[in-house]
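**Q** Provided below for reference: sequence and predicted model.
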Amino acid sequence: MADFVQLWVYMASTPLFGLTATLVTYVLAQAFYARVGHAPWANPVLWSVAMLGLLLLATRTPYPAYFAGAQFVHVLLGPAVVALGWPLWLRREALRRRGAALVLAALAGGTAAAGSALALGWALGLPADVLRSLAPKSVTAPVAMGIAERLGGIPALAALFAVLTGMVGALSAKYLFDGLGVRDWAVRGFALGTAAHGIGAARALQVHPDAGAYAGMALGLQVLLAALLMPLAARFLG
């Protein structure tokens, strides 16, 4: 028992703790996800976040101490996003034919996502800075933080809204698509990437290659359109 306590003290005081906890937690969540047939409610990202949060609370580990190790996984986010371009390259001819339609669909979807969030927030009487943080909720978190800052919002709050939006999309998309009778994998993927950015794209990649490819395309288009148009719209309306 004394040896175990010494090992725990050592791990908790070094970057090894954050790295090990992240990898072990995700492997366990992924194994459970596969065991239940990739059910949306068993999303490994959701359960990994929940389990890691409980672990940090139980061990009273400060987040900076945890992230000192977890950052070694975090740095892989960039290459992972770039890797989404490979499925698009494989479908470049189809994407070229549908280019104009995809851009218009992305613009309509992004407008609906931001507009509905702002309308609901306004109806609930949310403060102006919270509304500005809510507007880019369907853009991947790092970009949403930058957009929120340009709009006069709160970057940390924008990141929270983006993560919550992604999780809700990943958990509910299958049931919504089935209920609406949407069967085309490309359409399902593009809609999921538009509404739920990176987390939605990750879910789409797990269920079908076409869905994953079009979700990656939608994710990229939302980042580009939101970064360009949201500050312009805010300046025009403000």
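**A** Received, thanks.

**Q** for this protein, just list every one of the helices.
**A** Remark: helices assigned in the chain by DSSP state H are 2-12, 16-35, 44-59, 63-74, 77-83, 85-90, 92-97, 99-123, 128-134, 141-151, 155-180, 185-207, 209-237.

**Q** skipping its backbone neighbours, what lies nearest residue 47 in space?
**A** Once flanking residues are discounted, residue 47 sits nearest to residue 29: 4.4 Å by Cβ to Cβ, 6 or more residues apart in numbering. Every residue, glycine included, has its C-beta placed from N, CA and C.

**Q** contacting residues around that neighbour?
**A** Residue 29 sits next to 42, 44-45, 47-48, 51 when contact means Cβ atoms under 8 Å, 6 or more residues apart in numbering.

**Q** repeat for residue 66
**A** By Cβ under 8 Å, 6+ apart, residue 66 lies in contact with 17-18, 21, 52, 56.

**Q** pretty sure residue 67 contacts residue 18?
**A** Yes - using Cβ atoms under 8 Å, residue 67 is in contact with residue 18, at 6.1 Å.

**Q** okay, those two: which has more neighbours?
**A** Each of residue 67 and residue 18 has its neighbours counted (other Cβ atoms under 10 Å); residue 18 has more, 26 against 15.

**Q** not counting sequence-adjacent ones, nearest residue to the more buried one?
**A** That would be residue 69: by Cβ to Cβ, 6+ apart, it lies 2.7 Å from residue 18.

**Q** now do the residue nearest to residue 47 against residue 51, distance only.
**A** As judged by Cβ to Cβ, to the nearest Å, residue 29 and residue 51 stand 7 Å apart.

**Q** shared neighbours of the two, anything?
**A** Both residue 29 and residue 51 lack any common contact, where contact means Cβ under 8 Å, 6+ apart.

**Q** tally of neighbours for residue 96?
**A** Neighbour tally, residue 96, other Cβ under 10 Å: 8.

**Q** and what of residue 187?
**A** 15.

**Q** what about it, distance to residue 31?
**A** Where residue 31 is concerned, residue 187 sits at a distance of 31 Å (Cβ to Cβ).

**Q** cool, residue 98 as well?
**A** Per Cβ to Cβ, residue 98 is found 37 Å from residue 31.

**Q** point out where this protein drops to low pLDDT.
**A** 1-15, 74-75, 237-238 (pLDDT under 70).

**Q** quick check, central residue of it?
**A** What sits nearest the mean C-alpha location of the chain, by Cα atoms, centre = their mean, is residue 199, with 3.3 Å.

**Q** name the nearest residue to it, ignoring sequence neighbours.
**A** Distance criterion Cβ to Cβ, 6+ apart; nearest residue to residue 199, sequence neighbours excluded, is residue 166 at 3.0 Å.

**Q** circling back to that earlier point, higher neighbour count, residue 98 and residue 31?
**A** residue 98 (16 against 10).

**Q** need phi/psi at the more buried one.
**A** Backbone torsions of residue 98, given as degrees, to the nearest 10, read phi -100, psi 10.

**Q** who's in contact with residue 38?
**A** Residue 38 neighbours (Cβ under 8 Å, 6+ apart): 206-207.

**Q** relative to residue 141, how far out is it?
**A** 24 Å.

**Q** ok, residue 156 next?
**A** 10 Å.

**Q** so what sits against both of those two?
**A** With Cβ under 8 Å, 6+ apart, residue 156 and residue 141 have no common neighbours.

**Q** out of the two, which sits in the busier spot?
**A** When neighbours are counted by other Cβ under 10 Å, residue 156 and residue 141 differ, and residue 141 comes out ahead with 21 against 11.
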